[in-house]
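>>> Just a sequence and a predicted model for now, questions to come.
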2 protein chains.
Amino acid sequence: MYREKIKVLDCTIRDGGLINKHKFSHEFVRKVYQALSIAGVDYMEIGYKNSPHLFSESEFGPWKFCKEEDLRRVIDGIESNTKISVMADVGRVDMDNIFPASESPVDMVRVASYVKGIDKAIAMVNEFADKGYETCINIMAISRDQGIELDEALHQIEEESKASVIYIVDSFGSLYQEHVEYLVKHFKTILKTKEIGFHGHNNQQLAFCNTIEAIIHDANYMDATIYGIGRAAGNCTLELLIGFLKNPKYDIRPILDIIAKEFVPLKKQIEWGYIIPYAIAGMLNEHPRAAMALRESEKKDEFLEFYNTITQAQMD
Amino acid sequence: MYREKIKVLDCTIRDGGLINKHKFSHEFVRKVYQALSIAGVDYMEIGYKNSPHLFSESEFGPWKFCKEEDLRRVIDGIESNTKISVMADVGRVDMDNIFPASESPVDMVRVASYVKGIDKAIAMVNEFADKGYETCINIMAISRDQGIELDEALHQIEEESKASVIYIVDSFGSLYQEHVEYLVKHFKTILKTKEIGFHGHNNQQLAFCNTIEAIIHDANYMDATIYGIGRAAGNCTLELLIGFLKNPKYDIRPILDIIAKEFVPLKKQIEWGYIIPYAIAGMLNEHPRAAMALRESEKKDEFLEFYNTITQAQMD
């Protein structure tokens, strides 16, 4: 699938940071940036732009805050066309301390929001846009929040927001390809001036498939992570996505190399991927919270009991 | 997706047998049969019907041969509507020793063939059909063998074979969903009196996705294995497939239970699943042979060198 407008956004460090409290070393993040730069990946999302007044810097690593000096430490001196993205949560950013884009290593800011928080997300994204950043809104938990509330939010985004890209986020990894087809087409009927993006989770081994499906129906911004790293079941893998896209600007080789050198060893230390409780959460359209708690407990492999508990709760 | 005609064929023991020389214990196979029976799975493929004159019974386990007494040992005494399937390779079966279906625990025989061997496959499948078995032809390596040879084979199958189901087999795990859509539609234009089946491999994490795609386009026979076990990257997982099919005759719970009790421990002993050399083989449309050899060698994690070797060979 060659289409020049397609952009690949790697969120290895941002989404992967959710399973290690954003504690990747500067050296590790620098290696990832170098690999992505050689691979020709369009964006690297490096973490969250949270206020250090709200979260403890001793509990969380640097990519929970993405201070300018930490960003510069990993990117300085590396030749690159890969743009830097950070994620912003409504109410957690100290807006007074955001530099104008022209003075920052950050190129893009993505505001993550549930449908119900869309007013605040639009206000925030417009502030970032006014400071000169490329902006996106990532609409989370789309598998739960459809219907009239979603449509109203989309109309509001189209009319009021300066975001250039609106992402469909399959937070629970529960969408099948027919849902993705429907959602991308539906988004496009309302968001006539925006690009559509897709961020999948791999609970049901469908993150890559759903990303392809989004591409087929003309979404142009695609999230992926190296070796699929990410919270719970993880994400669409960058290596498979690059293998699918026939765009000669991408080079899979530095990604294969860094997987062998860094991510295969890392996966022996932290868990992500196809794990049955996450699959169950995905097929039942549930937040992975309960499954993550299960995996931290002594009952980590008590799949049947977990399934019975969730399905019972859904019927109550 | 509820469609009464859809049949699920579990090939856990048959395809899984390719990575342990068919050495599952009778007790293990019996547990799988019991779980599939309670789960309401339509068919269980238990192994190959090879002649013991061609392969050593000391080198290979019982499911390379599927003798009647071994089959009876695992199924006798278990209440079940799950039919038994075996696979037959052209030229490897001692046809004189095949009982009529009425005297055998086997219900279905699937003949696996490349496009070029279709004459012999049809002859063999017709022999089995004449003995009273349900029969299928599994056309292997479909991602390589398309064009006029495939079409001629399909016409020949439609006109000459007694097989009731013709499978599209993505042997290399290289098909994307658009290929599956094309192939299922194309098969149906020629095979007007046959059902279509799909057997995926999971090199690119697309086996489940492609199985859904085949279902959407009216294929009715779907292969899967418990926890995705199978050669190299493995197969479409049975648990995800049952989670997708909304047919109330299936029950996912015994499958989740046997995964926890048997397959999670097993996966610590034998390797299958999303492993980069298999992903590379899939995206480059190559047999997994070279990747399997790599995984047996000291260079098992030398992904970049492997990629360079394969792509270089493809250009020579």
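Looks like it came in fine.
>>> Now residue A:19: phi and psi?
The phi/psi pair for residue A:19 (degrees, to the nearest 10) reads phi -110, psi 0.
>>> Likewise for residue A:60?
Here is the backbone geometry of residue A:60 (degrees, to the nearest 10): phi -110, psi 150.
>>> if I pick it, what's in contact with it?
A:21-23 (CB atoms under 8 Å, 6 or more residues apart in numbering or on different chains). Yep, even glycine has a C-beta here, placed from its N, CA and C like the rest.
>>> Among the residues you listed, which ones lie close to chain B?
Applying CB under 8 Å from any CB of the partner chain, the subset of the contacts of residue A:60 adjacent to chain B is empty.
>>> Drop the exposed ones from those and show what's left.
residue A:22 (16 or more other CB atoms under 10 Å in any protein chain shown).
>>> and which of the contacts of residue A:60 is nearest chain B?
Chain B lies nearest to residue A:23 out of the contacts of residue A:60, by CB to the nearest CB, at 24.3 Å.
>>> From residue A:274, how far off is residue A:52?
Applying CB to CB, to the nearest Å, the value for residue A:52 to residue A:274 is 36 Å.
>>> neighbour-wise, which of those two wins?
residue A:274 (21 against 13; other CB atoms under 10 Å in any protein chain shown).
>>> Kindly state the pLDDT recorded for the spatially closest residue to that one that is not a sequence neighbour?
Nearest-residue entry for residue A:274: residue A:205, 6.0 Å, with adjacent residues in sequence omitted and distances by CB to CB, 6 or more residues apart in numbering or on different chains. The model reports residue A:205 with a pLDDT of 98.
>>> Report the separation between residue A:205 and residue B:282.
Counting by CB to CB, the gap from residue A:205 to residue B:282 is 14 Å.
>>> Just want to know which of these two has more residues nearby.
A side-by-side neighbour count of residue A:205 and residue B:282, using other CB under 10 Å, places residue B:282 first with 28 against 25.
>>> Identify the residues contacting the more buried one.
Per CB under 8 Å, 6+ apart, neighbours of residue B:282: B:172-174, B:201, B:203-204, B:233.
>>> So which of the residues you listed reach chain A?
Answer for the contacts of residue B:282 near chain A (CB under 8 Å from any CB): residue B:204.
>>> Where do the domain boundaries of chain A fall?
With domains defined by automatic domain parsing, chain A comprises A:7-267, A:276-315.
>>> Do a quick rundown of the helices in the stretch 51-200 of chain A.
A:68-75, A:118-130, A:148-160, A:177-190 (DSSP state H, counting those that start in this stretch).
>>> Relative to chain B, which of those is closest?
Per CB to the nearest CB, nearest to chain B of these: helix A:177-190, 6.4 Å.
>>> just checking, what packs against the closest one?
Applying 3 or more CB pairs under 8 Å, 6 or more residues apart in numbering or on different chains; DSSP states H and E, we find helix A:177-190 packed against helix A:148-160, strand A:165-169, strand A:195-199, helix A:207-216, helix B:207-216.
>>> Can you tell me what sits against that helix?
A:142-143, A:151, A:154-155, A:158, A:166, A:168, A:170, A:175, A:196, A:198, A:206, A:209-210, A:213-214, A:216-219, B:177, B:209, B:212-213, B:216.
>>> again, but for stretch A:20-37
A:10, A:12-13, A:16-17, A:44, A:46-48, A:59-64, A:70, A:73-75, A:78-82, A:226, A:254-255, A:257-258, A:262, A:270.
>>> can you give me phi and psi for residue A:312?
As for residue A:312, its main-chain torsions (degrees, to the nearest 10) stand at phi -60, psi -50.
>>> how deep is it tucked in, by neighbour count?
Residues near residue A:312, counting by other CB under 10 Å: 9.
>>> what pLDDT does it get?
Among the per-residue scores, residue A:312 holds a pLDDT of 95.
>>> Distance check, it against residue A:92.
35 Å.
>>> for chain B, what are the nearby residues on the stretch 51-200 of chain A?
Taking CB under 8 Å from any CB as the contact definition, the stretch 51-200 of chain A meets chain B at A:176-178.
>>> Among these, name the buried ones.
Buried residues within those, counting neighbours by 16+ other CB under 10 Å: A:176-177.
>>> can I get the residues of the stretch 51-200 of chain A next to chain B in a markdown table with pLDDT?
A markdown table is the format used below for those (pLDDT from 0 to 100):
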| residue | pLDDT |
| --- | --- |
| A:176 | 97 |
| A:177 | 97 |
| A:178 | 96 |
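>>> Quick check: residue A:33 vs residue A:257, distance?
Using CB to CB, residue A:33 is found at 14 Å from residue A:257.
>>> swap in residue A:34?
The gap separating residue A:34 from residue A:257 is 10 Å, by CB to CB.
>>> Format the helices and strands packed on helix A:177-190 as a markdown table; extra columns: mean neighbour count and distance to residue B:186.
Shown next, in a markdown table, are the helices and strands packed on helix A:177-190 (neighbours: other CB atoms under 10 Å in any protein chain shown; distance: least, CB to CB, whole Å):
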| stretch | mean neighbour count | distance to residue B:186 |
| --- | --- | --- |
| helix A:148-160 | 16 | 37 |
| strand A:165-169 | 24 | 31 |
| strand A:195-199 | 25 | 28 |
| helix A:207-216 | 26 | 19 |
| helix B:207-216 | 26 | 12 |
